[in-house]
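Asker: requesting a structural model of the entry that follows:
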Amino acid sequence: PRDDVELPARRERVGKRKRTNKEERELSVMEQTILECEAKKEQLTAQLSTGETFKAEPQRARTITEDLAALDVEIQRLYGRWQELSDLLPP
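Answerer: Alright, predicted model coming up:
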């Protein structure tokens, strides 16, 4: 009997679940959110790339540096979540 034989494709599908409607909506805006965060990161990096910020406004430079670190963490979180959602089956 073939009932006890699992094909690799079936085994892979059994372990995956479908995305919920909420997850589908989240995934649909995820790319735009990531792009916005990366654009903000580029903007902050450009502000720091000139030495003027450090000379003229050291406190602001420190704040920008902290914002960049937080943005890096957020971008990594977004990419991780995007990967999780992408790995799920479409509804």
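Asker: low-scoring stretches of this structure, by residue?
Answerer: Across the chain, the ranges flagged by pLDDT under 70 are 1-15.
Asker: what segments of it are helices?
Answerer: Secondary structure of the chain (DSSP state H): helices at 8-15, 21-49, 52-56, 58-87.
Asker: buried residues, the last one. List them.
Answerer: By neighbour count on 16 or more other C-beta atoms under 10 Å, the buried set for helix 58-87 is 61, 64, 68, 71, 75, 78, 81, 82, 85. From N, CA and C alone the C-beta is placed, and that goes for glycine too.
Asker: what separates the third one from residue 76, distance-wise?
Answerer: Yep, that's residue 68 we're talking about. Plainly put, residue 68 is 13 Å away from residue 76 if you go by C-beta to C-beta, to the nearest Å.
Asker: the second one now?
Answerer: Here the distance between residue 64 and residue 76 works out to 19 Å (C-beta to C-beta).
Asker: equivalent analysis for the first one, please.
Answerer: Residue 61 is 23 Å from residue 76, where distance means C-beta to C-beta.
Asker: again, but for the last one
Answerer: With the distance defined as C-beta to C-beta, residue 85 ends up 15 Å from residue 76.
Asker: for residue 19, grab the count of nearby residues.
Answerer: 19 (other C-beta atoms under 10 Å).
Asker: ok, now which ones touch it?
Answerer: Applying C-beta atoms under 8 Å, 6 or more residues apart in numbering, we find residue 19 in contact with 27, 85, 88, 89, 90, 91.
Asker: for it, give me phi and psi.
Answerer: phi -70, psi 140 (degrees, to the nearest 10).
Asker: please shift the residue numbers so they start at 25 in all later answers.
Answerer: With 25 as the first residue, the last one maps to residue 43.
Asker: contacts only, for the residue lying closest to residue 62 once chain neighbours are set aside.
Answerer: Nearest non-adjacent residue to residue 62, counting by C-beta to C-beta, 6 or more residues apart in numbering: residue 99, 6.5 Å away. Shown in contact with residue 99 (C-beta under 8 Å, 6+ apart): 58, 61, 62, 65.
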